[in-house]
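1. Here is a sequence together with a model predicted from it:
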Amino acid sequence: MPGKFGKPTDPDYEARLAEFEARIARGEKIEPGDWMPEEYRRQLVRMISQHAHSEVVGMLPEGAWITRAPSLKRKMILIAKVQDEAGHGQYLYHAAETLGVTREEMLEALLSGKAKYSSIFNYPTLTWADIGTIGWLVDGAAIKNQTMLAQCSYGPYSRAMVRICAEETFHHKQGKEMVITYAKGTPKQRAMAQDAINRWWWPALMMLGPHDSDSPNTPTLVKWGVKTKTNDEVRQEFINEHAPEILEAGLTLPDPGLRYDEATGNWVHGPINWDEFWAVVNGNGPMNKERLEARRRAHAEGAWVREALAAYAARRQQTAVAV
Ligand code: FAQ
């Protein structure tokens with residue numbers, strides 16, 4: 001793979017870039033080992049590794065409720081969902097590894113606090129209704145974003161997204177079913193569901209990234225077909241689907257500015273609190289410290305597994321040589 005990542009100072013950069021961009025324009029996928037601009041590689045490693053970290057850290061808010069699920073059925077669904085998120089992390093770390101970054105480098109970046117992961121997972125899960133609401137809103141927002149990324153120009157990321165979206169669709173359905181059940185349940189259940197929607201609505205809108213005017217990476221990502229829609233376009237799609245469904249369920253949304261615009265067919269939202277978003281992204285959200293501590297603890301406690309695997313691999317290699 002080395003030598004395939006072009007820099008503007010390379011003598012053949014312009015010609016190669018033109019060929020690369022023509023391939024993307026024809027709808028071809030860029031595959032590992034193909035020539036690509038170093039900046040394309042850097043953007044993909046940044047995005048895919050952040051995405052992988054998000055899936056893994058995203059197991060924590062939900063995992064906290066496995067022991068407290070209200071029925072065997074709900075417990076089995078939640079365990080399956082949390083396991084799926086671990087699998088998504090695996091696919092994504094593998095996809096990033098095809099770009100020449102190692103698993104160790106990515107984990108080190110996460111554990112040292114250098115790498116970002118989704119803002120949404122720095123909020124606490126206070127009641128059982130939060131679990132349904134994460135499925136409905138957080139997986140709902142993730143699917144909108146990831147269906148778009150399934151069209152991405154980089155083959156391994158695009159294929160990972162197709163598989164992940166199929167699983168996220170089940171996560172979304174179970175969350176929606178759960179919240180609607182509680183919305184139609186006892187007054188206590190309805191209040192619990194409403195409280196969860198009130199707390200997760202704005203963070204779900206924020207997780208789709210800053211407004212396009214404040215999104216420095218979007219122009220490059222759109223130019224090279226990594227994103228096929230902007231942050232605001234994906235957010236609008238999310239609101240257009242979810243706002244009417246939540247209102248239909250007899251719940252309200254915590255946005256006095258929310259209204260349906262006949263002219264555009266869009267649900268228009270009120271101002272988003274971007275100060276809160278940047279505070280969370282910069283490590284000062286309600287759960288940032290706990291999330292990182294939990295990951296560091298899990299990594300330290302897993303040291304013996306990594307050692308055992310390395311010893312097993314070394315032994316197998318020795319045996320292979322001996323035979
Ligand atoms: N949180 O220029 P942009 C899930 C950063 S998976 C933290 O607009 P971009 C599944 C951004 O990195 C959820 N940081 O960035 C699940 C950049 O900083 P940098 C994760 C954020 O990349 C469900 C800076 O702000 N999904 O939920 C966030 O063009 C349930 C400027 O922003 C993905 O990662 C944020 N929300 O657009 C699991 C999808 N937003 O890196 C468990 C892949 C922005 O330059 C339970 N990623 N920043 O230092 C993407 O599609 C994009 O990266 C965006 C951001 C749309 C997230």
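-> Thanks, I have the structure now. It should be emphasised that the depicted structure is a prediction, and the values quoted were computed from it without experimental measurement.
2. Show me what from the stretch 101-250 of the chain comes close to the ligand.
-> Within reach of the ligand by Cβ under 6 Å from any ligand atom, the stretch 101-250 of the chain has these residues: 116, 118-119, 134, 138-139, 142, 145, 207-210, 215-218, 221, 231. For glycine as for every other residue, the C-beta is placed from the backbone atoms N, C-alpha and C.
3. Just the buried residues of the residues you listed.
-> 116, 118-119, 134, 138-139, 142, 145, 207-210, 215, 218, 221, 231 (16 or more other Cβ atoms under 10 Å).
4. Spatially nearest residue to residue 217 (excluding sequence neighbours)?
-> residue 43 (6.6 Å; Cβ to Cβ, 6 or more residues apart in numbering).
5. would you say the one you found is within a helix?
-> Yes: assessed by DSSP: H, G, I helix; E, B strand; the rest coil, residue 43 belongs to a helix.
6. burial count for it?
-> 18 (other Cβ atoms under 10 Å).
7. contacting residues for residue 81?
-> 62, 135, 170, 171, 174 (Cβ atoms under 8 Å, 6 or more residues apart in numbering).
8. what comes up buried for the helix or strand hosting the last one?
-> Under the criterion DSSP states H and E, the helix or strand holding residue 174 is helix 155-183. The neighbour-count check on helix 155-183 (16+ other Cβ under 10 Å) flags 155-158, 160-161, 164-165, 167-168, 171-172, 174-176, 178-180, 182-183 as buried.
9. how near is residue 291 to the ligand?
-> 12 Å (Cβ to the nearest ligand atom, to the nearest Å).
10. Likewise for residue 272?
-> Counting by Cβ to the nearest ligand atom - residue 272 and the ligand are separated by 12 Å.
11. That residue: what's it in contact with?
-> Taking Cβ under 8 Å, 6+ apart as the contact definition, residue 272 lies against 202, 205, 206, 211.
12. Buried only: go through those residues for me.
-> 202, 205, 206.
13. Kindly indicate which of those lies nearest the ligand.
-> For the buried ones among the contacts of residue 272, the residue nearest the ligand by Cβ to the nearest ligand atom is residue 206; the value is 6.2 Å.
14. Was I right to think that closest one contacts residue 276?
-> Yes: if you go by Cβ atoms under 8 Å, residue 206 and residue 276 touch, sitting 7.4 Å apart.
15. hmm, back to that, relative to residue 252, which of the contacts of residue 81 is nearest.
-> residue 135 (19.5 Å; Cβ to Cβ).
16. Give me the contacts around the helix or strand harbouring residue 202.
-> In the assignment (DSSP H and E), residue 202 maps to helix 187-206. Defining contact as Cβ under 8 Å, 6+ apart, one finds that helix 187-206 is touched by 119-120, 123, 126-130, 132-134, 137-138, 140-141, 179, 181-185, 235, 238-239, 246, 250-255, 269, 272-274, 276-277, 280.
17. can we see that at 6 Å?
-> Applying Cβ atoms under 6 Å, 6 or more residues apart in numbering, the external contacts of helix 187-206 come out as 119-120, 123, 127, 129-130, 133, 137-138, 141, 179, 182-183, 235, 251, 253-254, 272, 277.
18. got it, and stretch 91-107?
-> In this structure, residues lying in contact with stretch 91-107 by Cβ under 6 Å, 6+ apart are 1, 32, 41, 44, 45, 48, 49, 51, 52, 156, 157, 160.
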